[in-house]
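In: Got a sequence here, can you model it:
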Amino acid sequence: MPRGDGTGPTGQGPGTGRGRGGRGGGRGSWEGAGPGGQCVCLACGVQADHQQGMPCSKMTCPNCGQPMSRR
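Out: Next up, the predicted model:
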């Protein structure tokens, strides 16, 4: 911004760099972790094979009924 009035070239200035900027880089817990792996019950430790298309958090433990978690 040559005159400080906001008419400078686009793509330069604060908020346009390659930094994080609050956009989140990397995998969050809401994204799929792939087809393989195990689901584990955090309450009793029972393990089950992960079923593709079904998040482990939506599965319930066959032993105690608690929600399972991805390992």
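In: Check which residues of stretch 60-71 are buried.
Out: For stretch 60-71, a neighbour-count test (16 or more other CB atoms under 10 Å) marks Cys61, Met68, Ser69, Arg70 as buried. For every residue, glycine as well, the C-beta is placed using N, CA and C.
In: residues in contact with that stretch?
Out: With contacts defined as CB atoms under 8 Å, 6 or more residues apart in numbering, stretch 60-71 is touched by 33, 37-44, 46-48, 50, 55-59.
In: now do stretch 35-49
Out: 50, 52, 56, 59, 61-64, 66, 68-71.
In: now that stretch: mean pLDDT?
Out: Regarding stretch 35-49, the rounded mean pLDDT is 93.
In: same question, stretch 59-71
Out: The pLDDT scores in stretch 59-71 average 94.
In: first to last residue in it, what's the distance?
Out: End-to-end distance of stretch 59-71: 13 Å, with CA to CA, to the nearest Å as the criterion.
In: quick revisit: can you go through the contacts of stretch 60-71 and name the buried ones?
Out: Cys39, Val40, Cys41, Ala48, His50, Pro55, Cys56, Met59.
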